[in-house]
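**Student:** here you go, sequence then predicted model.
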Amino acid sequence: MTIIAGYFGLGDAIDVPPTLEQEMRSALRRVDDARGQVTVARKPGFYLCKWDSGAFGEPAWQESGRGEISTLVGDPLFCDIGERRQRSEQLASLDLFLDGIDQKLTSARGSFSLVCFSEERRELRIATDILGVRSLYYTVQDGLLVFASAIRILEAMPTIRRRISIIGTAEQCIYGQALGARSPYEEISILREAEYLTAGRSGVTVRRYFDWSQGSPYAGTEEQAAQQLYRHFLDGIRLRAPPDERIIAFLSGGMDSRAIVASLIAAGHAVVALNFSPDGSQDQDYAVRFAEAAGPDCQLYCLPRDDDPNFSLLAARTKDSLEQECLAGVQRPNVLWSGDGGSVGLGHVYMDEKMIDVIEREGIEKAAEYFMALHRNQLPIGVLEAPWRDQLPEDICRNVQAEIRRYPCSDTGRQLYLFLLINDQRRHLYKHFESIDEHGLEFITPFFDSVFLRTVAATPVRWGLLHRFYAHWFTHLPKFAQTTPWQTYPGHVECPIKCQKELSYQWNRTVTRSSGPVTERLPLAWQLAKSSCDPLSRNLFSRTRTLSLALLEVFGMRNSRHALRTIQTFRSILARTN
């Protein structure tokens with residue numbers, strides 16, 4: 001199951017727009033090919049459609065004689081029996097209307113979204129995983145609940161009313177995604193981490209089935225925690241990889257993908273590894289060295305990276321070109337293993353000792369200010385109209401504070417960690433899921449395993465800062481994974497193995513006052529000048545200030561890329577409003 005969308009009437013006599021189903025079905029996929037399969041269900045006041053790319057090779061759609069319909073995207077990995085079951089079996093074991101559903105959903109280790117409809121009860125329930133990685137977007141309009149697993153579907157439907165959310169769009173410009181349950185549109189919300197929505201005649205309610213602030217602090221030593229976490233990691237890999245399966249995985253020069261590939265090989269899997277890094281880079285050189293140390297069970301392909309910002313589309317195109325050469329014997333060629341989640345979940349990036357000191361001594365308000373200043377989480381307020389220059393930064397700071405407060409912890413630094421875990425992780429796979437109709441790939445992400453992350457979240461937050469706990473945990477990997485160098489973050493725990501070669505480092509980026517040579521500056525200045533005349537954004541961005549910035553760009557006195565990207569993001573959202 002790859003993409004789902006549907007609607008549900010909250011009353012008995014809802015007037016459903018006659019074009020709604022066709023709009024939804026047309027927006028489900030943008031590619032006109034024969035891949036995958038579309039399935040549709042229709043009941044009075046209810047409609048559901050899904051496209052399954054076939055990546056998992058297992059259908060996950062169920063209809064009963066009592067008018068019950070259920071489906072899922074992703075792979076929940078319910079671990080109540082300790083063994084992986086087929087997705088269809090997992091779906092059959094689930095009834096979102098039964099008592100104890102909170103415990104059942106909490107037991108899921110994977111990333112997923114679920115839809116369950118009961119004609120007899122006249123009720124719908126939808127749910128997402130414990131991190132909200134497999135997002136569900138929804139809106140309630142004119143007595144109808146409309147939902148989809150990609151926001152682009154709701155954006156493409158003329159029947160759905162959409163007004164820009166200034167604060168949601170501003171947050172998307174800064175963080176890659178709006179914070180909390182917001183979206184760039186006032187009318188559209190996101191079902192966030194560990195939540196399920198119930199819709200019936202009485203309306204819509206949203207409940208949380210798991211609270212990240214629950215649980216006792218870890219009582220063991222750091223070494224004991226590292227051992228336990230590596231057991232959880234191996235168990236998570238075992239649940240996700242059928243025995244003897246030949247695997248396709250990303251392999252960079254960093255720690256996350258190396259940990260996955262090494263653990264897969266140690267578990268008896270042969271791995272076809274894909275690397276998309278520049279020649280002469282640490283990312284490529286270190287991956288090559290690791291593959292040599294791993295031996296014949298790691299078949300590495302170093303491939304060119306083009307300018308496409310969507311890594312999933314790039315991987316799909318490249319994988320298709322290699323289909324005959326290297327994917328023979330791969331049972332699930334459209335399932336790729338990815339290291340997403342390791343840097344935040346285990347590496348505690350974006351945090352430092354001072355940030356923890358601030359939240360412990362001065363409180364959440366000061367910690368939020370420090371966090372935003374440290375990472376330059378700011379809008380280019382200089383080009384905004386006067387009413388927004390003060391209001392938007394204040395609103396965003398308050399929203400950051402609210403998200404940090406969402407999960408009170410005795411270890412207050414953990415609140416910052418959970419803020420990042422919940423809000424940052426979604427954006428890393430946003431493009432992947434929004435374009436999944438085009439590439440059809442499913443990612444396996446063991447660093448998002450819920451048992452693994454709940455254990456990390458119970459440890460003292462200072463253990464994890466700057467990859468310290470990650471480096472300790474890394475020593476439990478197979479020995480061949482520790483014999484060649486790996487790339488690390490600047491200022492974090494360094495790799496103990498030194499490389500003598502001069503290699504490019506992906507974080508060596510110098511911020512300059514200008515955007516570059518005049519051949520680059522002039523097109524940027526021209527785009528800024530054109531945007532200043534755009535009637536869509538005239539109430540948001542000052543024409544005079546935008547033209548002044550364009551002039552500064554021409555003379556190389558100001559780098560305007562950030563401002564231009566912000567203006568373009570607002571314009572693209574405004575263009576989709578109606």
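**Tutor:** Arrived safely.
**Student:** which residue packs closest to residue 169, ignoring adjacent ones?
**Tutor:** Of all residues not flanking residue 169 in the chain, residue 184 sits nearest, at 4.4 Å (CB to CB, 6 or more residues apart in numbering). The C-beta positions use only the backbone N, C-alpha and C, and glycine is treated the same way.
**Student:** tell me if residue 73 really is in a strand.
**Tutor:** Yes: using DSSP: H, G, I helix; E, B strand; the rest coil, the assignment for residue 73 is a strand.
**Student:** which residues touch it?
**Tutor:** Counting by CB atoms under 8 Å, 6 or more residues apart in numbering, residue 73 touches 1-4, 50, 60, 112-113, 134, 149.
**Student:** please apply the same query to residue 194.
**Tutor:** When contacts are counted by CB under 8 Å, 6+ apart, residue 194 is found next to 105-106, 128-132, 208-212.
**Student:** what pLDDT is listed against it?
**Tutor:** We have a pLDDT of 96 for residue 194.
**Student:** and if you look at the one 4 residues further on?
**Tutor:** As summarised for this prediction, residue 198 has a pLDDT of 96.
**Student:** mind checking the SS state of it?
**Tutor:** Going by three-state DSSP: residue 198 is strand.
**Student:** for it, list each beta-bridge partner.
**Tutor:** Under DSSP bridges, the beta-bridge partners of residue 198 are residue 125, residue 205.
**Student:** what's the separation between it and residue 573?
**Tutor:** According to CB to CB, to the nearest Å, residue 198 and residue 573 sit 30 Å apart.
**Student:** same thing with residue 194?
**Tutor:** To residue 573, residue 194 is 28 Å away according to CB to CB.
**Student:** give the residue spans of this protein that score low on pLDDT.
**Tutor:** Where the chain drops to pLDDT under 70, the residues are 1, 80-82, 307-308, 323-325, 328, 509-515.
**Student:** again, 50 this time
**Tutor:** Across the chain, the ranges flagged by pLDDT under 50 are 510-511.
**Student:** any idea how many residues pack against residue 209?
**Tutor:** 18 (other CB atoms under 10 Å).
**Student:** one more: the one 5 residues further on?
**Tutor:** Residues within reach of residue 214, counting by other CB under 10 Å, total 12.
**Student:** what do you get for residue 395?
**Tutor:** 15.
**Student:** check contacts around it.
**Tutor:** Contacts were defined as CB under 8 Å, 6+ apart; by that measure residue 395 touches 167, 170.
**Student:** how about 6 Å then?
**Tutor:** residue 167 (CB atoms under 6 Å, 6 or more residues apart in numbering).
**Student:** name the element it belongs to?
**Tutor:** Using DSSP states H and E, residue 395 sits within helix 386-405.
**Student:** picking that back up, would CSV of the contacts of residue 194 with secondary structure be doable?
**Tutor:** CSV is the format used below for those (three-state DSSP):
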residue, secondary structure
105, helix
106, helix
128, strand
129, coil
130, coil
131, coil
132, coil
208, strand
209, coil
210, coil
211, coil
212, coil
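**Student:** show me the strands in the stretch 151-300 of the chain, by range?
**Tutor:** Counting by DSSP state E, counting those that start in this stretch, the stretch 151-300 of the chain has strands at residues 189-191, 195-200, 203-208, 247-250, 271-275, 298-302.
**Student:** helix, strand or coil for residue 463?
**Tutor:** Going by three-state DSSP: residue 463 is helix.
**Student:** so who does it touch?
**Tutor:** 222, 469.
**Student:** about what we covered before: pull the number of nearby residues for the residue nearest to residue 169.
**Tutor:** Residues near residue 184, counting by other CB under 10 Å, number 27.
**Student:** and the gap between it and residue 36?
**Tutor:** Counting by CB to CB, the separation of residue 184 from residue 36 is 28 Å.
**Student:** correct me if wrong: the residue nearest to residue 169 contacts residue 168.
**Tutor:** Yes: at 4.7 Å, residue 184 and residue 168 qualify as touching, with contact defined as CB atoms under 6 Å.
**Student:** which one of the strands of the stretch 151-300 of the chain lies nearest to residue 432?
**Tutor:** Closest approach to residue 432 among the strands of the stretch 151-300 of the chain is made by strand 247-250 (11.9 Å; CB to CB).
**Student:** pairing partners for the closest one, with directions?
**Tutor:** Sheet pairing for strand 247-250, assigned by DSSP bridges, gives strand 271-275 (parallel), strand 335-337 (parallel).
**Student:** take these and write them to TSV, including mean neighbour count and distance to residue 532.
**Tutor:** Below are the strands paired with strand 247-250 laid out as TSV (neighbours: other CB atoms under 10 Å; distance: least, CB to CB, whole Å):
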stretch	mean neighbour count	distance to residue 532
strand 271-275	24	42
strand 335-337	22	43
